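**Student:** Okay, here's the prediction I keep looking at, along with the sequence it came from:
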Amino acid sequence: MNKLLLLLVALLFNPFLVAENDPLEEINRVTLKVNKTLDNAVATPVARFYQKITPDIVELGIYNSISNIDDISVSLNNILQGKFKDGFSDIARFTINSTLGLAGFIDVATRMGFDKHDEDFGQTLAVWGVPHGPYIMLPVLGPSSLRDAAAMIPDAFLSPSILIEHEPTVYSLKFLDLIDTRARYLGLESITIGDEYLFIKDAYYQNREYESSDGEVEDDFDNFDDF
């Protein structure tokens, strides 16, 4: 275990990998093709069927329930990032939705002023100054980086297995989460512009930058008035 951690640290802080964030491009492109094949053959048809047979109110309830369990991990990551107010707000969200919201099926907390946050351990590592490392196209899971891929391990222990000991139930919830997520992103394939691989990679990095900085992304338009 210690050797694995040392290897991850060495890779993350390797100057070459920081400068060249896609040394695995050839493998990544092959993985993308495999992922697309699996998505077209399995994930998209299942997601369309799920969306077709599930009433909107039930679909929203499923999303809320899964999101409610995620608030445990979100709260911990907010605290680790030094955002204690948000962290305790997330704990309050979980408590309120787990009770008044019928195990999270109804999002009561948002109506009470407890906003939903979106934090994971990858963002926590970014706040701590850990660089992305090389870009990785993960089988089935899609675009990532070495940092964010490694961060999936602690995140996986916090949701939903932290509350449920019955493994078949945990795997069923995770599968349902994947299908629900895929159903909510149906149709986004049509917005791809140019080289699909580069488009996905750029979109991934921009999204992670946006999330890690809590939406405070600098742009060149702020200095436009100077001209």
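**Tutor:** Thanks, I have the structure now. Please read all numbers here as calculations on a predicted model, not as lab measurements. Residues are numbered from 1 along each chain as shown.

**Student:** Which residue lies nearest the spatial centre of the protein?
**Tutor:** Asp120 (7.0 Å; C-alpha atoms, centre = their mean).

**Student:** Return the residues in contact with that one.
**Tutor:** 73-74, 77, 148, 151, 155 (C-beta atoms under 8 Å, 6 or more residues apart in numbering). All C-beta spots, glycine's among them, are computed from the backbone N, C-alpha and C.

**Student:** hmm, which two among those residues are most spread apart?
**Tutor:** The most widely separated members of these, counting by C-beta to C-beta, are Val74 and Asp148 (15.6 Å).

**Student:** quick one: Ser212 and Arg147, what's the gap?
**Tutor:** Computed as C-beta to C-beta, to the nearest Å, the Ser212 to Arg147 distance reads 10 Å.

**Student:** ok, those two, which is more surrounded?
**Tutor:** Neighbour totals were compared for Ser212 and Arg147, and Arg147 leads with 22 against 19 (other C-beta atoms under 10 Å).

**Student:** Surely the more buried one is in contact with Val130?
**Tutor:** Yes: using C-beta atoms under 8 Å, Arg147 makes contact with Val130 at a distance of 5.5 Å.

**Student:** in the longest helix anywhere in the chain, what counts as buried?
**Tutor:** For the chain, the helix with the greatest residue count under DSSP state H is helix 56-80. By neighbour count with 16 or more other C-beta atoms under 10 Å, helix 56-80 contains the buried residues 59, 61-80.

**Student:** I'd like the mean pLDDT over the helix or strand following that helix, please.
**Tutor:** Sequence order places helix 84-99 as the next helix or strand after helix 56-80, per DSSP states H and E. What helix 84-99 shows for mean pLDDT is 97.
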